[in-house]
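In: Just to be clear, the model below is a prediction. Sequence and coordinates:
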Amino acid sequence: MYLASLTISNFRRFTKTTLSFQPGLNVIVGPNNIGKSAVVDGLRALLAGADDPYPRFTSDDIHLPKAGTATGEITFTFVFKDLDLDDEADFLHAIREKLSGDIEAVMGVTYGEPDKSGRLRARRWCGQFEEVPASSQMLDNLRSVYLQPLRDAEQNLRPGRNSQLSRLLHLLSGKEAREEIGDLLKHLDKDIKNVQPLKDAQDAIFGRHQTMLGAQLAQVLNVELAGNDFGKLAARLSLLVDAFDSIETALVTQRFKLGVFKLH
């Protein structure tokens, strides 16, 4: 199934508007302050998971009409189409059948009264009449990865623990995948140690070390991979784009104000 539409009500610049999406890649283009970030925040309100907490809104996010006051609730309504039999079972309480016989899943998030901190309370619901709470099991079947805009492409794409690539790999890798990558790195480390130039280098380093300190004081030295676990691998990832440096490419790309996401 895929997300076919998002209806935004009473949120920031939007009184009420519906955006339609297609399966695959979708691009939102527009100047500043047109509402692109509001659309992305609306998507994250339902789709974000534990690694990407949903946006938190206050009364300042409620739509302010001209010559009026901000009142009412903020509501995001999501319609999913092309459900298979497994999807229908997983989203049973969200199912809505149209007159044409097509099956859709309707889910939504409504932000109402603020709590003591001023944040609007979120209520996740499903179905046609907004009465059935969306279960945690149902929400677990919806997964998304949100990558922040490249405000500073050179910094965000530079290899490191907090790089975009490192964060993406962590978000997309489960525990089993991380363990598998870790095992592969350990095997790679073992194989590299048997390469003759590395063996010669280790013998030379250890021999000189032992000559300087003597057999009693010398320590065991090993030449091996500095990063042989999942976290260190993710921190060293770089993005290569044909003949262009990835950072230069990103600097060109970020000149355009684009919202890009893939729906599936």
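Out: Good, I have the coordinates.
In: confidence score at P31?
Out: According to the prediction, P31 has pLDDT 86.
In: can you check S136 too?
Out: In this model, S136 is scored at 83, pLDDT.
In: Can you get me a residue count around it?
Out: S136 is flanked by 8 other residues according to other CB atoms under 10 Å. No exception for glycine: its C-beta is placed from N, CA and C like everyone else's.
In: Need phi/psi at it.
Out: phi -60, psi -30 (degrees, to the nearest 10).
In: Just the helices from this structure, written as ranges.
Out: Per DSSP state H, the chain carries helices over the ranges 36-47, 85-90, 136-140, 153-156, 164-172, 175-193, 196-217, 230-235, 246-253.
In: most tightly surrounded among those helices?
Out: Highest mean neighbour count among those (mean count of other CB atoms under 10 Å): helix 36-47, with a mean of 20.
In: From the rest of the structure, what touches it?
Out: The contact list for helix 36-47 (CB atoms under 8 Å, 6 or more residues apart in numbering) reads 3, 6, 8, 11-14, 19, 28, 30, 52, 54-55, 57, 76, 78, 107-109, 122, 124, 139, 142-144, 146, 257, 259, 261.
In: 6 Å instead?
Out: Contact with helix 36-47 is made by 6, 8, 12, 28, 30, 54-55, 76, 78, 109, 142, 144, 146, 259, as judged by CB atoms under 6 Å, 6 or more residues apart in numbering.
In: Over to stretch 55-70?
Out: Residues from elsewhere that reach stretch 55-70 (CB under 6 Å, 6+ apart): 10-12, 15, 41, 44-45, 111, 114, 118-120.
In: Can you tell me which of these end up in strands?
Out: Among the contacts of stretch 55-70, the members found in strands (DSSP state E) are 10-11, 15, 111, 114, 120.
In: For ChimeraX, what selects the buried ones among these?
Out: To isolate the buried members of the ones in strands among the contacts of stretch 55-70 in ChimeraX, using 16 or more other CB atoms under 10 Å:
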select :10,11,111,120
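In: how about the ones in strands among the contacts of stretch 55-70, which pair is most distant?
Out: Based on CB to CB, the longest span within the ones in strands among the contacts of stretch 55-70 runs between T15 and P114 and measures 20.8 Å.
In: quick check, nearest of the contacts of stretch 55-70 to K98?
Out: Distance ranking of these against K98, using CB to CB, places A45 first at 24.6 Å.
In: separation between the nearest residue to the closest one once chain neighbours are set aside and F78?
Out: Distance criterion CB to CB, 6 or more residues apart in numbering; nearest residue to A45, sequence neighbours excluded, is V109 at 4.6 Å. Counting by CB to CB, to the nearest Å, the gap between V109 and F78 amounts to 8 Å.
In: How about S238?
Out: Distance, S238 to F78, using CB to CB: 36 Å.
In: Compare the two (neighbour count), which wins?
Out: More neighbours surround F78 than the other of S238 and F78, with 22 against 12 (other CB under 10 Å).
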